[in-house]
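# Just a sequence and a predicted model for now, questions to come.
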Amino acid sequence: QVQLVESGGGLVQAGGSLRLSCAASGRTFSNYHMGWFRQAPGKEREFVAAISSRSGTPSYAISVKGRFTISRDNAKNTVYLQMNSLTPDDTAVYYCAATDTRVTTTTMHYWGEGTLVTVSS
């Protein structure tokens, strides 16, 4: 079992930045590929970014590439999402998730409760 707790959400103006954190506990964090997902009101949950378990290779949704950066610190059991140049379209609940397979919306084994990010225009 892996427990995930997100933090760092809040209200920010368009063009601003936020850094989300996801603290993991339980099984060996470094064994898991980690992902960030988001769900806006009335929309389906979507992939945002992923980072592989040991090499730390990142991948991004096209909509956030160049603006968001995912990173992980295996010593601290934490994964981060640095979000820059935020727009109102980035408003959503952001979820952290873990898997030992592929990072997709349907293959994650563990999910956090989410943290709300609101971007005002």
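Alright, I've got the coordinates.

# which ones are touching the residue nearest the centre of the chain?
Centroid check for the chain by CA atoms, centre = their mean gives residue 36 as the closest residue, at 2.4 Å. Residue 36 makes contact with 20, 22, 48-50, 70, 79, 81, 94-97, according to CB atoms under 8 Å, 6 or more residues apart in numbering. Where C-beta positions appear, they are placed from N, C-alpha and C, glycine not excepted.

# and of those residues, the nearest to residue 116?
residue 94 (7.7 Å; CB to CB).

# Would you mind naming the helix or strand containing the spatially closest residue to residue 56 that is not a sequence neighbour?
Distance criterion CB to CB, 6 or more residues apart in numbering; nearest residue to residue 56, sequence neighbours excluded, is residue 72 at 6.0 Å. Using DSSP states H and E, the element containing residue 72 is strand 68-73.

# Rounded mean pLDDT for that strand, please.
On average, the pLDDT along strand 68-73 is 97.

# Strand partners (parallel or antiparallel) of the helix or strand following that strand?
Using DSSP H and E, the next helix or strand after strand 68-73 towards the C-terminus is strand 78-83. Applying DSSP bridges to the sheet, strand 78-83 is found paired with strand 18-26 (antiparallel), strand 68-73 (antiparallel).

# could I get these as CSV with distance to residue 44?
Converted to CSV, the strands paired with strand 78-83 look like this (distance: least, CB to CB, whole Å):
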stretch, distance to residue 44
strand 18-26, 20
strand 68-73, 19
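
# what's residue 117 in contact with, if anything?
Here residue 117 is in contact with 9-10, 12, 18, 20, 38, 83, 86, 90-94 (criterion: CB under 8 Å, 6+ apart).

# go on, residue 91?
40, 117-119.

# Please identify, among those, the one with the most neighbours.
residue 117 (22 neighbours; other CB atoms under 10 Å).
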